[in-house]
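Peer 1: requesting a structural model of the entry that follows:
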Amino acid sequence: MRAKHEYKIVSSIQHLVCRRSDIVIHRTDTNKVFYIGKPTDFARKEEEYMLETETYQEIIDGCCPLANNLHAVQTILTHLFTQKALMKQQSNRISPKLNNLEGVV
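Peer 2: A predicted model of the protein is given here:
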């Protein structure tokens, strides 16, 4: 019963997107929630959210500060390991997991 209901919802969304060229689907943040609407509305809501939360930093010059931070952390951890201030197991445990990072170019 539930699967049939969800199938109908997905079908109606597909038909809506096919019929209306002014509609887009965006995944919002990392919550696995989708936004369906006009691109201009989404851009406005996105900007409001960024200003309200101050969580995001716009990259204007093409240089991603997260990549620089990642490099700095990796350099420090490597130095601590080579100086035997950290054991291999400790270094592995606190090193950034590259497959779990977001926003790093």
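
Peer 1: what packs against the helix or strand hosting residue 77?
Peer 2: Per DSSP states H and E, residue 77 falls inside helix 65-82. In terms of contacts (3 or more C-beta pairs under 8 Å, 6 or more residues apart in numbering; DSSP states H and E), helix 65-82 is packed against helix 88-94. C-betas here are computed from N, CA, C, even on glycine.

Peer 1: the helix it packs on: how far from the chain's middle?
Peer 2: Mean C-alpha position of helix 88-94 versus that of the full chain (C-alpha atoms, centre = their mean, to the nearest Å) differs by 25 Å.

Peer 1: from now on call the first residue 50
Peer 2: Sounds good: first residue 50 from here, last item helix 137-143.

Peer 1: list the helices and strands that helix packs on?
Peer 2: Applying 3+ C-beta pairs under 8 Å, 6+ apart, one finds that helix 137-143 contacts helix 114-131.

Peer 1: just to revisit the earlier point, ok, and for the helix holding residue 126, which residues are buried?
Peer 2: By neighbour count on 16 or more other C-beta atoms under 10 Å, the buried set for helix 114-131 is 119, 126, 130.
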